[in-house]
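Q: Please work out how this folds:
(one chain, ligands or ions: 1)
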Amino acid sequence: MRLNFELNEDRLFPSDPVQRSIARRLYAEVRSLPIVSPHGHTDPRWFADNKAFSDPASLLVIPDHYVYRMLYSQGVALEPLGIPRVDGRPVERDSRKIWRLFARNWYLFRGTPTQMWFNHVLSEVFGVSERLGPKSADRIYDHIGECLASPAFLPRALFKRFHIEVLATTESPLDPLPHHRKLRRSGWGGRIVPTYRPDPVVDPESAGFAGNVMDLGKMTGEDTATWQGYLRALSNRRRFFAKHGATATDHGHASAATSDLPHSYCESLLRKALEGSITPAEAEEFRGQMLTEMAQMSIEDGLVMQLHPGSFRNHNPSIFTDFGRDRGADIPVRTDYVHSLKPLLDRFGNDRRLTLILFTLDESTYSRELAPLAGHYPALKLGPAWWFYDSPEGMRFFRERTTETAGFYNTVGFNDDTRAFPSIPARHDMARRIDCAFLARLVAEHRLEEDEAREVAIDLAYRLVKQAYKL
Ligand SMILES: [Zn+2]
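A: Coordinates of the predicted model:
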């Protein structure tokens, strides 16, 4: 028996009839707005080369750690899911087998946002009309495979069909941006911009730090063993990124610690970092100093700054050893902003030329720290509910905890932060629906007029993100 499925038009809207009808009207205003994706990790090569995606598993399972971390948590090893090993030992290559394993375990995602995103992808992107499961796995696999072989599913065609106005990718300052250059030369109309993510050259505890800083020196002709030369080199690469369309930097530090230290002390920290003799406490000071330096550079070159602490990355050492970083073992930790950001805010918090966008995995800080800070300092904005909270409940919670203190206009819309390209429309649609549902409640409770809510809905879906990220 085939289990038919289709997406319900009212999904994620309130069940209360008054609120639901308001939510429907608000959503009608935003559903077809273009997607602005200011932060994410899709591969620019896909669009530069515009080659067909090879098969369902490599497109939908292997790159998405949201998907395989759940299977892993239930005892499925990563090798049969085709996740590449660091040591190059064999892993499953048969896409159909990977897909079947995934489909057999699909029930694990019940009640999760991944299930909603994935169903959206199956239904809206590929036109699948039966529910995924062990029995339908092969039929759905063949159907998606046929789709991927057709020109309508080439990366650039999907980009157009998804109605993406601009998509940001994320790169190290050492990246020469070959794919972005190729894209620009190609004359294709899609807008894909890089983002400057300096973690590998500003975090003394990141792998290969000293070598990276030396490479940075070679790329820029600066002596990066000196503090001033190092800063000039970082600034030089920022300009290179900006020339290739970047409008933002991105900082994945574990904490929001910032510092404002004397030059001679910075010089000695850099020396220790390059020698490998820096202590963990000094490394934290160094990272904190670099955030303050980056804020200074942002004021000069106009790049918007994003900071997203609160992730204990690569928590599982054996997964890290065998499969490398970003494999679904990033776990939320407690974070502080009120004290941590003070050195940076003391210098630049009142400067309207700076935009510092904060988002975090640590939900507890939204009402206590982040909304009050962003509701005061002109330089601060709140990013979206992120990762574990880019879920219906997380998004709702984010609005509930931040709106009364920071309003809507100290927030910057949604970012999908995804590696899974076909899920981009699904994620933005979810955010739009949740925001409309939240606004509908305010309207129903007569805390907001419906025409105001309509304007806010459009701002949250489209205008604020363009404004904040200068896109
Ligand atoms: Zn990211």
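Q: ranges for the helices of the stretch 201-350 of the chain?
A: Using DSSP state H, counting those that start in this stretch, the helices of the stretch 201-350 of the chain run over 209-220, 227-243, 263-275, 280-301, 317-323, 342-348.
Q: which stretch in those has the least confidence?
A: Ranked by mean pLDDT, these bottom out at helix 317-323, with a mean of 93.
Q: Only the buried residues of that one, if you could.
A: By neighbour count with 16 or more other C-beta atoms under 10 Å, helix 317-323 contains the buried residues 319, 320, 322, 323. In this view, the C-beta of every residue, glycine as well, is placed from N, C-alpha and C.
Q: Which one of the helices of the stretch 201-350 of the chain lies nearest to residue 428?
A: Residue 428 lies closest to helix 227-243 among the helices of the stretch 201-350 of the chain, at 24.7 Å (C-beta to C-beta).
Q: list the buried ones in the closest one?
A: Within helix 227-243, the residues scored as buried using 16+ other C-beta under 10 Å are 227, 229-235, 237-242.
Q: what's the answer for stretch 18-33, then?
A: Applying a neighbour-count criterion of 16+ other C-beta under 10 Å, one finds 19, 20, 22, 23, 25, 26, 27, 29, 30, 33 buried in stretch 18-33.
Q: Quick one: mean pLDDT over it.
A: Here the average pLDDT along stretch 18-33 is 98.
Q: who's in contact with that stretch?
A: Counting contacts by C-beta atoms under 8 Å, 6 or more residues apart in numbering, the residues outside stretch 18-33 that touch it are 10, 13-14, 163, 429, 432-433, 436-437, 439-441, 443-444, 450, 453-454, 457-458, 460-462.
Q: are any of those buried, and which?
A: 13-14, 429, 432-433, 436-437, 439-441, 443-444, 453-454, 457-458, 460-462.
Q: For residue 100, which non-adjacent residue is closest in space?
A: In space, and not counting its chain neighbours, residue 100 is closest to residue 137: 5.0 Å by C-beta to C-beta, 6 or more residues apart in numbering.
Q: I figured the one you found hits residue 99, correct?
A: Yes: here residue 137 lies in contact with residue 99, judged by C-beta atoms under 8 Å, at a distance of 6.1 Å.
Q: returning to what we had before: burial of the residue nearest to residue 100, as a residue count?
A: A total of 19 residues lie near residue 137 under the criterion other C-beta atoms under 10 Å.
Q: Please report the distance of it from residue 264.
A: Remark: distance between residue 137 and residue 264 (C-beta to C-beta, to the nearest Å) = 64 Å.
Q: for residue 135, same thing?
A: Distance from residue 135 to residue 264, by C-beta to C-beta: 69 Å.
Q: thinking again about what came up before, pipe the helices of the stretch 201-350 of the chain into CSV and attach distance to residue 82 per row.
A: Formatted as CSV, those follow (distance: least, C-beta to C-beta, whole Å):
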stretch, distance to residue 82
helix 209-220, 30
helix 227-243, 32
helix 263-275, 37
helix 280-301, 35
helix 317-323, 11
helix 342-348, 42
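Q: Looking at the ones you listed, which is nearest to residue 148?
A: helix 317-323 (25.3 Å).
Q: quick one: the helix or strand that contains residue 102 to chain centroid distance?
A: Assessed by DSSP states H and E, residue 102 sits inside helix 95-104. Using C-alpha atoms, centre = their mean, to the nearest Å, the mean C-alpha position of helix 95-104 is found 27 Å from that of the whole chain.
Q: Downstream of that helix, the next helix or strand is which one?
A: helix 113-120.
Q: between whichever helix or strand comes after that following helix and helix 95-104, how many degrees?
A: For helix 113-120, the following helix or strand on the C-terminal side (DSSP H and E) is helix 137-148. Inter-element angle recorded for helix 137-148 and helix 95-104: 130 degrees (by axes from the mean of the first three to the mean of the last three C-alpha atoms, to 10 degrees).
Q: pLDDT at the closest residue to residue 30 other than its chain neighbours, what is it?
A: In this structure, residue 30 finds its nearest non-sequential neighbour in residue 461, 4.2 Å apart by C-beta to C-beta, 6+ apart. Residue 461 is assigned a pLDDT of 98 by the prediction.
Q: Next up, phi/psi of the nearest residue to residue 64 once chain neighbours are set aside, please.
A: Spatial nearest neighbour of residue 64, chain neighbours left out: residue 420 (4.3 Å); criterion: C-beta to C-beta, 6+ apart. Main-chain dihedrals, residue 420, degrees, to the nearest 10: phi -100, psi 90.
Q: Residue 420: what's it in contact with?
A: Going by C-beta under 8 Å, 6+ apart, residue 420 touches 60, 63, 64, 66, 67, 117.
Q: From those, which land in helices?
A: Among the contacts of residue 420, the ones falling in helices (DSSP state H) are 60, 66, 67, 117.
Q: Quickly note the distance from the third one to residue 328.
A: Which is residue 67. Look at residue 67 and residue 328: by C-beta to C-beta, they are 9 Å apart.
Q: what are the ranges of the strands in the stretch 351-471 of the chain?
A: Using DSSP state E, counting those that start in this stretch, the strands of the stretch 351-471 of the chain run over 356-358, 380-382.
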